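K.L.:
Need coordinates for the below:
(one chain, ligands or ions: 2)
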Amino acid sequence: MAPNHSRGTPLITLSRTQCFDNVINMRTSVNCPFSPHADVVPPIWAGREVQLRDWSDIVRPRRVSGLPERGRTILGEPGVGKSSLLTKISEDAAEHGDWVTTQLRIPSKADPLKIVAAALLKLAKKAGLSTAREKRLDDLFRRVSDISVKGVGLSLREADGPEPFTSLTELLVEIGIAAMNRGDVVALIHIDEVQNISDEHVLSQLLIALGDAMVKEVEVQAPGGFLVKRRLPISVYLTGLPDFADMSSARRGATFARRFATTTLESFGDDALEAALQPFVLSGWEVPDNAGGTGRVTMEPAARDEILELCKGEPFLFQLAGEKAWYAGSTDVITRDQVITGWTETARDEAAGHVERIIERLPQREREMLEAMIDLPPDKRSLKNIATSMGFEKSTQAGPTSQRLDTNRKIIRRGNIYTFRNRAIEAYLSSEWPDVAPERG
Ligand SMILES: Nc1ncnc2c1ncn2[C@@H]1O[C@H](COP(=O)(O)OP(=O)(O)O)[C@@H](O)[C@H]1O
Ligand SMILES: [Mg+2]
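P.N.:
Numbers count the residues shown, from 1 in each chain. Ligands and ions are numbered 1, 2, ... in the order given. Predicted coordinates for the structure are as follows:
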C-alpha cells in the first residue's frame, strides 16, 4: 500500500534532521523495516531463538559430524511464522555455504513428487553432480528428471523400473555424499505446506524416501585407516498447518516420529516483541535520508506499547501494525497516535480477517469449546464447567477437543483453569478488538 502522507499527521516539533527542507520524508515504502508479507524474513525479527539454535547448535553440527539427528517438523496456525522461520534458517545456512532447496511450497492438489524431484535436481547441480560422467549417475538423473515431469503417475504407468520414491532417495544420498566430501556442508531440504499432500500413500512414501536418505549410513576411512560408519549431512524440514499432525500420526506414526521431531509454534509473548522493537526505541532505525547520508527513525515507547497492545502477540499483526504506523507519518519519530491511526484506517479489517480465518478453519467442536470458554468468567474456566457448557455429561468427553486446541494448535492452555495462549482469538471473541477501545483511541 502506498504511503499516505496527505493524512493529518500530528504536528511534531522539528528535529535536527528535519531542519533541512530537503530531508522531510524519512519513511518510504522502500525502507520500511516491517513486512507483513508471507515468506519474507522481516528486518524486525522477534524471538524463535529456540528453533534457530536448534538448527545452528544441534541439527547442523550433528549432521555435519555424521551423527544421527531427526528431521524437523514445524507446525502452527496460519501467520504464526513457520515459513519465515525456515526462510531465515535457510538463509543462514546458505551463508554458511550449505546447499539449500528454496522453500518447496506444495499448493493444494499439486503433485509433491514433481516438486521434490525438480528441487533435488537443482541441488544436485549445486553439488556439482550433473557434470559427473558416471553412467550410474546419468541413469539416476534421467529417472529423477522423468519424475519431475510425470510425477506420481509415473509409478502407475511404468511399473517395471525402480519406484520413483527410491530414485529420490538415491539422488538425495548422492547429494549427501557430495556434501560430505566437500566438508562442512549440509544439504537442507525444506517442504512447506505439507498438509496439502492429501494422498496418504504419496505422503507416506515421500516421508520414507526422505527419511531413508537421512538414516543412510556410509563407511568412511577414519585417521589410522579404520573404516567407520557415519550418516550423511542431510537435513529435512517440514512445515505446515497443525492438521498435518493427524495425517502423519494416523498410520505411519511410529516410523514418522522416529525420523522427525515435531514442534508447534505459538504466538509471541510481549517480551519477545518488546525486545524486537528495543533497537528502534533506543537508537532508532537507520534509513537513507534524501541527502545521500543516513538518518534514523525512532519510536516513542508509547507507540511500541500500542503496537504490542494491538497485535496481541500475532507475528503477522505485529508486522501489519508496524507497517501501517510507519506509513501513517513521514517524520523521524513514530508516535502512538500514528500507530492508532494506521491501525484504525488500514489494518483493522485485515486484522479481523486474519483471526476469522484461523477460527473458521477450526472443526465445529473446537470452535464450540473456545466459545464456551469465552462465555465463562476467566476464573471459572475449568474443564468441568467448559464441558458442561458444551453439553457433555462428563468432562472426559471434552478431553480430546481440549487436547487438540492445546497441544496441536497452541490456541489454549489446559490446567485447573483454562486460559488462552492465542490472545488475538480471545480478544476477537470477547471484546471490541480489533477496534481500538474508545478510551485508548
Ligand atoms: N520471528 C518473527 N518476528 C517478526 N515477525 C515475524 C516472525 N515470524 C514471522 N513474522 C511475520 O509474520 C507474518 C507471517 O509469517 P509466515 O512465516 O508467513 O507465517 P506462516 O508460514 O506460519 O503462515 C509475516 O509477515 C512475517 O513477517
Ligand atoms: Mg507459510
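K.L.:
which residues sit in contact with the closest residue to ligand 1 within the stretch 101-250 of the chain?
P.N.:
With C-beta to the nearest ligand atom as the measure, Thr239 is the residue of the stretch 101-250 of the chain nearest to ligand 1, at 6.8 Å. (C-beta placed from N, C-alpha, C; glycine too.) Contact analysis of Thr239 by C-beta atoms under 8 Å, 6 or more residues apart in numbering lists 73-75, 82-83, 85-86, 190-194.
K.L.:
Could you do Asp212 as well?
P.N.:
Thr169.
K.L.:
which SS class is it?
P.N.:
Following DSSP: H, G, I helix; E, B strand; the rest coil, the label given to Asp212 is helix.
K.L.:
Could you check the pLDDT of it?
P.N.:
What the model reports for Asp212 is a pLDDT of 93.
K.L.:
Burial check on Gly225, number of neighbours?
P.N.:
Applying other C-beta atoms under 10 Å, we find 6 residues neighbouring Gly225.
K.L.:
Next, Asp435: secondary structure please.
P.N.:
Assigned with three-state DSSP, Asp435 falls in the coil class.
K.L.:
give me the number of residues near it?
P.N.:
13.
K.L.:
quick one: contacts for it?
P.N.:
344, 348.
K.L.:
Recalculate using a threshold of 7 Å.
P.N.:
Contacts of Asp435 were listed using C-beta atoms under 7 Å, 6 or more residues apart in numbering, and they are Arg348.
K.L.:
Name the nearest residue to the residue of the chain found nearest ligand 1, ignoring sequence neighbours.
P.N.:
In the chain, the residue that lies nearest ligand 1 is Gly81 (2.8 Å; C-beta to the nearest ligand atom). Nearest non-adjacent residue to Gly81, counting by C-beta to C-beta, 6 or more residues apart in numbering: Pro315, 4.3 Å away.
K.L.:
who in the stretch 251-400 of the chain is up against ligand 1?
P.N.:
Within reach of ligand 1 by C-beta under 6 Å from any ligand atom, the stretch 251-400 of the chain has these residues: 315-316, 318-319.
K.L.:
Could you single out the nearest of the residues you listed to Lys216?
P.N.:
Nearest to Lys216 out of these is Pro315 (C-beta to C-beta; 36.0 Å).
K.L.:
Spit out the contact partners of the closest one.
P.N.:
Under the criterion of C-beta under 7 Å, 6+ apart, the neighbours of Pro315 are 79-81, 268.
K.L.:
Now, those residues that are in strands?
P.N.:
In strands, judged by DSSP state E, none of the contacts of Pro315 are found.
K.L.:
can I get those residues in TSV with neighbour count, pLDDT and distance to Leu113?
P.N.:
Converted to TSV, these look like this (neighbours: other C-beta atoms under 10 Å; pLDDT from 0 to 100; distance: C-beta to C-beta, whole Å):
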residue	neighbour count	pLDDT	distance to Leu113
Gly79	22	92	28
Val80	26	95	28
Gly81	27	95	28
Phe268	24	97	36
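K.L.:
Looking at the residues you listed, spot the one nearest Val40.
P.N.:
Nearest member of these to Val40, counting by C-beta to C-beta, is Gly81, at 11.3 Å.
K.L.:
I'd like the distance from the closest one to Phe316, if you could.
P.N.:
Note on Gly81: its distance to Phe316, by C-beta to C-beta, to the nearest Å, is 8 Å.
K.L.:
Ok, Glu309 next?
P.N.:
Per C-beta to C-beta, Glu309 is found 16 Å from Phe316.
K.L.:
count of residues packed around Arg296?
P.N.:
Arg296 has 16 neighbouring residues, counting by other C-beta under 10 Å.
K.L.:
Surely it is within a strand?
P.N.:
Yes - assignment of Arg296 by three-state DSSP places it within a strand.
K.L.:
That one and Trp285 touch, don't they?
P.N.:
Yes - here Arg296 lies in contact with Trp285, judged by C-beta atoms under 7 Å, at a distance of 6.4 Å.
K.L.:
secondary structure class for the residue of the stretch 101-250 of the chain closest to ligand 1?
P.N.:
Put simply, Thr239 is strand when judged by three-state DSSP.
K.L.:
In space, what's closest to it - neighbours in sequence excluded?
P.N.:
Of all residues not flanking Thr239 in the chain, Lys82 sits nearest, at 4.2 Å (C-beta to C-beta, 6+ apart).
K.L.:
tell me the contacts of the one you found?
P.N.:
Lys82 touches 74, 76, 239, 265, counting by C-beta under 7 Å, 6+ apart.
K.L.:
Pass me the low-pLDDT residue ranges in the chain, would you?
P.N.:
Per-residue confidence for the chain (pLDDT under 70) gives these ranges: 1-25, 131-132, 154-162, 247-254, 257, 438-441.
K.L.:
how does it divide into domains?
P.N.:
25-43+268-359, 49-264, 362-430 (automatic domain parsing).
K.L.:
quick one: which of those is nearest Ala437?
P.N.:
Smallest distance to Ala437 across the domains of the chain (C-beta to C-beta): 9.3 Å, for domain 25-43+268-359.
K.L.:
just to revisit the earlier point, so the residue of the chain closest to ligand 1 makes contact with Leu265?
P.N.:
Yes - counting by C-beta under 7 Å, Leu265 is a contact partner of Gly81 at 6.1 Å.
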